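Visitor: Pasting the sequence and the predicted coordinates here, then a few questions.
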Amino acid sequence: MTMTPTQIQDRIDERKAATPEATTYQHIKPFASAAEDLIDTVLNEDGRWMFGVQEIDACIRGVGPSELMYVTGRAHSGKTQLVLQSIVNNPNANVIIFTPDEVDALILTKLIGITRGWNAELLEEKVKAEDPDAMDMVRRVASEEFKNLIVIDNTLSFTEMSQAMSEAEDYWGGGADVVVIDFLELLPGEAEHGGVTWKSQTLKRWTKHHEVPVVCLHQASRSSG
């Protein structure tokens, strides 16, 4: 039987009316989606931040977009060293570090220590002596070896951090491969908002909004550590 265009449209409308619309939920989703998340995590490393440390990468398979990882330890236990080593292991990555705790020159000193084996005293001694090779090396490490590294050593609000991310993406001409925050306790937020708990929850929401792997350092106290 040949149907007119009007009859065809009527039939389509009837079928739409007979098919219940899928309910859109704000907070829940079928647990079956976890299966696809798991399979994607195991099979696809694209967009995941790998530390370049076999033991860590084998355990967590990197940090994916919109995932938040905490590196927790006491003061001077090597948290920053671990994260900086991961940056050294990913030389072409676009990295932004929010670090109210340390100035950018100190980050550079630590990167020189990792890549050249120089401690801070030796580096300072050579620069004070105006050693041309040493000063050339310092400039080369910053401008060439870590040209895609951006260090923001001011205390920013979450809104300002988002603005900084936009600026970084414009500077790189692409997105960030990882965001490092050093450290959780220095993020904006007052004690009356719930302290560390409030900051952690806000950071998690911020991470999901930007869809980028985020590695945040958290300094444990002696009791909690």
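Guide: That came in fine, so what should we check first? Numbers count the residues shown, from 1 in each chain.
Visitor: Buried residues of stretch 35-53, list them for me.
Guide: Buried residues in stretch 35-53, counted by 16 or more other CB atoms under 10 Å: 48-51. Yep, even glycine has a C-beta here, placed from its N, CA and C like the rest.
Visitor: List of residues touching the helix or strand containing Q201?
Guide: Counting by DSSP states H and E, the element that carries Q201 is helix 195-210. With contact meaning CB atoms under 8 Å, 6 or more residues apart in numbering, helix 195-210 is reached by 66-68, 158, 161-162, 165, 176, 179, 181, 184-185, 187-189, 193-194, 214, 216, 218.
Visitor: likewise stretch 108-118?
Guide: 80-81, 84-85, 87-88, 119-120, 123, 137-138, 141-142, 145-146.
Visitor: all helices in this protein, in order from the N-terminus.
Guide: Using DSSP state H, the helices found in the chain span residues 5-18, 33-43, 54-60, 79-88, 104-116, 120-128, 132-140, 158-172, 195-210.
Visitor: May I have the phi/psi pair for T24?
Guide: phi -100, psi 120 (degrees, to the nearest 10).
Visitor: Return the set of buried residues in stretch 72-92.
Guide: 72-73, 79-80, 82-87, 90.
Visitor: Now do it: everything it contacts.
Guide: 49-53, 71, 93, 95, 102, 107, 110-111, 114-115, 145-146, 148-149, 177-178, 180, 182-183, 215, 217-222, 225.
Visitor: and these, which are buried?
Guide: Among those, those buried by neighbour count (16+ other CB under 10 Å) are 49-51, 71, 93, 95, 102, 107, 111, 115, 146, 148-149, 177-178, 180, 182-183, 215, 217-219.
Visitor: now for the helices of the chain, which one comes closest to T24?
Guide: helix 33-43 (14.4 Å; CB to CB).
Visitor: how about a markdown table for the buried residues of stretch 35-53, with distance to R61 and pLDDT added?
Guide: Putting the buried residues of stretch 35-53 into a markdown table (distance: CB to CB, whole Å; pLDDT from 0 to 100) gives the following:
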| residue | distance to R61 | pLDDT |
| --- | --- | --- |
| R48 | 7 | 92 |
| W49 | 10 | 96 |
| M50 | 8 | 95 |
| F51 | 11 | 95 |
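Visitor: between those residues, which is nearest L38?
Guide: Out of those, the member with the shortest distance to L38 (by CB to CB) is R48, at 13.6 Å.
Visitor: Tell me the spacing between the closest residue to that closest one other than its chain neighbours and I96.
Guide: Spatial nearest neighbour of R48, excluding adjacent residues (CB to CB, 6 or more residues apart in numbering): G62 at 3.5 Å. As judged by CB to CB, to the nearest Å, G62 and I96 stand 18 Å apart.
Visitor: ok, now T80?
Guide: Taking CB to CB as the measure, T80 falls 15 Å from I96.
Visitor: ditto for E160
Guide: 13 Å.
Visitor: ok, now D170?
Guide: 12 Å.
Visitor: These two - which one has more neighbours?
Guide: In terms of neighbours (other CB atoms under 10 Å), I96 is the more surrounded of D170 and I96; the figures are 24 against 9.
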